[in-house]
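Undergrad: got a predicted model here, sequence first, then my questions.
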Amino acid sequence: MLKEALATLVICVFPTACGNQSDAIVSIAIHPTNPNILYVSTNERVYKTRDGGHSWRPMNKGLETLNIRAIVLSSLDPHMLYAGTNGSGLYRSKDGAQTWTQVQLVTGPTASGSTAS
(Lines give C-alpha, C1' and ligand atoms only; values in the text may rest on other atoms or scores of the structure.)
Protein backbone atom coordinates (compact mmCIF):
# COMPACT_ATOMS: atom_id res chain seq x y z
CA MET A 1 0.00 0.00 0.00
CA LEU A 2 2.86 2.44 0.74
CA LYS A 3 4.20 1.99 -2.79
CA GLU A 4 0.82 2.91 -4.30
CA ALA A 5 0.39 5.88 -1.94
CA LEU A 6 3.77 7.32 -2.86
CA ALA A 7 3.16 6.70 -6.56
CA THR A 8 0.02 8.84 -6.29
CA LEU A 9 1.98 11.61 -4.59
CA VAL A 10 4.77 11.51 -7.16
CA ILE A 11 2.24 11.80 -9.97
CA CYS A 12 0.75 14.92 -8.36
CA VAL A 13 4.04 16.51 -7.39
CA PHE A 14 6.26 16.23 -10.42
CA PRO A 15 5.89 18.68 -13.32
CA THR A 16 5.03 16.21 -16.06
CA ALA A 17 1.77 15.39 -14.29
CA CYS A 18 0.72 18.74 -12.83
CA GLY A 19 2.53 21.34 -14.90
CA ASN A 20 4.22 22.73 -11.79
CA GLN A 21 7.80 23.04 -10.65
CA SER A 22 9.40 19.80 -9.41
CA ASP A 23 8.90 19.13 -5.69
CA ALA A 24 11.18 16.31 -4.55
CA ILE A 25 10.17 14.05 -1.66
CA VAL A 26 12.61 14.59 1.20
CA SER A 27 11.16 12.69 4.16
CA ILE A 28 8.27 10.30 4.91
CA ALA A 29 6.51 9.62 8.23
CA ILE A 30 3.96 6.83 8.63
CA HIS A 31 1.38 6.80 11.41
CA PRO A 32 2.26 3.93 13.79
CA THR A 33 -1.26 2.45 14.09
CA ASN A 34 -3.10 3.69 10.98
CA PRO A 35 -1.27 2.86 7.73
CA ASN A 36 -3.69 5.07 5.78
CA ILE A 37 -2.15 8.19 7.36
CA LEU A 38 1.17 9.28 5.89
CA TYR A 39 3.07 12.55 5.97
CA VAL A 40 5.58 13.60 3.34
CA SER A 41 7.89 16.58 3.43
CA THR A 42 9.28 18.08 0.26
CA ASN A 43 11.48 20.99 -0.70
CA GLU A 44 8.33 23.10 -0.81
CA ARG A 45 5.57 21.63 1.41
CA VAL A 46 4.27 19.14 3.95
CA TYR A 47 1.61 16.80 2.55
CA LYS A 48 -0.76 14.47 4.39
CA THR A 49 -2.97 11.63 3.25
CA ARG A 50 -5.68 10.02 5.37
CA ASP A 51 -6.85 7.57 2.72
CA GLY A 52 -3.75 5.57 1.94
CA GLY A 53 -2.53 7.95 -0.75
CA HIS A 54 -5.65 8.40 -2.88
CA SER A 55 -5.61 12.11 -2.07
CA TRP A 56 -2.96 14.40 -0.60
CA ARG A 57 -3.39 17.80 1.08
CA PRO A 58 -0.75 20.42 1.80
CA MET A 59 -0.49 21.02 5.57
CA ASN A 60 1.52 24.22 5.99
CA LYS A 61 -0.41 26.58 8.30
CA GLY A 62 2.11 28.31 10.58
CA LEU A 63 5.28 27.32 8.71
CA GLU A 64 7.41 30.36 7.93
CA THR A 65 9.34 28.49 5.28
CA LEU A 66 8.13 25.63 3.13
CA ASN A 67 11.61 24.22 2.53
CA ILE A 68 11.10 21.19 4.79
CA ARG A 69 14.15 18.95 5.24
CA ALA A 70 12.75 16.36 7.65
CA ILE A 71 9.48 15.31 9.22
CA VAL A 72 9.03 12.89 12.11
CA LEU A 73 6.16 11.64 14.28
CA SER A 74 6.51 11.58 18.05
CA SER A 75 6.92 8.03 19.35
CA LEU A 76 4.66 8.92 22.31
CA ASP A 77 1.85 10.76 20.48
CA PRO A 78 1.12 10.20 16.76
CA HIS A 79 -0.70 13.57 16.57
CA MET A 80 2.58 15.35 17.39
CA LEU A 81 4.98 15.92 14.51
CA TYR A 82 8.23 17.80 14.13
CA ALA A 83 9.42 19.45 10.93
CA GLY A 84 12.99 20.58 10.40
CA THR A 85 13.37 23.38 7.88
CA ASN A 86 16.12 24.93 5.85
CA GLY A 87 16.11 28.48 7.07
CA SER A 88 13.67 28.93 9.94
CA GLY A 89 14.44 26.14 12.38
CA LEU A 90 12.27 23.49 13.96
CA TYR A 91 8.46 23.39 14.03
CA ARG A 92 6.02 21.27 16.03
CA SER A 93 2.42 20.29 15.32
CA LYS A 94 0.27 18.95 18.13
CA ASP A 95 -2.78 18.36 15.92
CA GLY A 96 -1.69 16.03 13.13
CA ALA A 97 -0.15 18.79 10.96
CA GLN A 98 -3.24 21.03 10.98
CA THR A 99 -1.13 23.86 12.44
CA TRP A 100 2.56 24.37 13.12
CA THR A 101 4.40 26.48 15.72
CA GLN A 102 8.09 27.25 15.84
CA VAL A 103 10.10 25.54 18.59
CA GLN A 104 12.46 27.92 20.33
CA LEU A 105 15.90 26.35 20.31
CA VAL A 106 18.35 27.12 23.08
CA THR A 107 22.09 27.07 22.85
CA GLY A 108 23.74 24.46 25.03
CA PRO A 109 27.15 24.45 26.65
CA THR A 110 30.24 23.89 24.52
CA ALA A 111 32.97 21.35 25.28
CA SER A 112 34.74 23.98 27.42
CA GLY A 113 31.60 24.52 29.52
CA SER A 114 30.77 28.00 28.23
CA THR A 115 27.59 28.78 26.29
CA ALA A 116 28.01 28.78 22.51
CA SER A 117 27.26 32.02 20.72
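TA: Sure, I can see it.
Undergrad: now do the helices in the protein.
TA: Using DSSP state H, the helices of the chain run over 2-13, 15-18.
Undergrad: lowest-confidence stretch among those helices?
TA: Ranked by mean pLDDT, the helices of the chain end with helix 15-18 at the bottom, a mean of 43.
Undergrad: does Val40 touch Ala24 like I think?
TA: No: using C-beta atoms under 8 Å, Val40 is not in contact with Ala24; the gap is 10.4 Å. All C-beta atoms are positioned from the backbone trio N, CA, C, and that covers glycine.
Undergrad: between the two, point out the one with more neighbours.
TA: Set Val40 next to Ala24 and count neighbours by other C-beta atoms under 10 Å: Val40 wins out with 26 against 10.
Undergrad: confidence score at the residue lying closest to that one once chain neighbours are set aside?
TA: Of all residues not flanking Val40 in the chain, Tyr47 sits nearest, at 4.7 Å (C-beta to C-beta, 6 or more residues apart in numbering). At Tyr47, the model reports a pLDDT of 91.
Undergrad: gap between Tyr47 and Pro58?
TA: As for Tyr47, its distance to Pro58 is 6 Å (criterion: C-beta to C-beta, to the nearest Å).
Undergrad: higher neighbour count, these two?
TA: Neighbour totals were compared for Tyr47 and Pro58, and Tyr47 leads with 25 against 14 (other C-beta under 10 Å).
Undergrad: please report the distance of the more buried one from Thr107.
TA: Counting by C-beta to C-beta - Tyr47 and Thr107 are separated by 32 Å.
Undergrad: quick one, what contacts Cys84?
TA: One thing to correct before we go on: residue 84 is Gly, not Cys. Ile68, Arg69, Ala70, Ile71, Leu90, Tyr91 (C-beta atoms under 8 Å, 6 or more residues apart in numbering).
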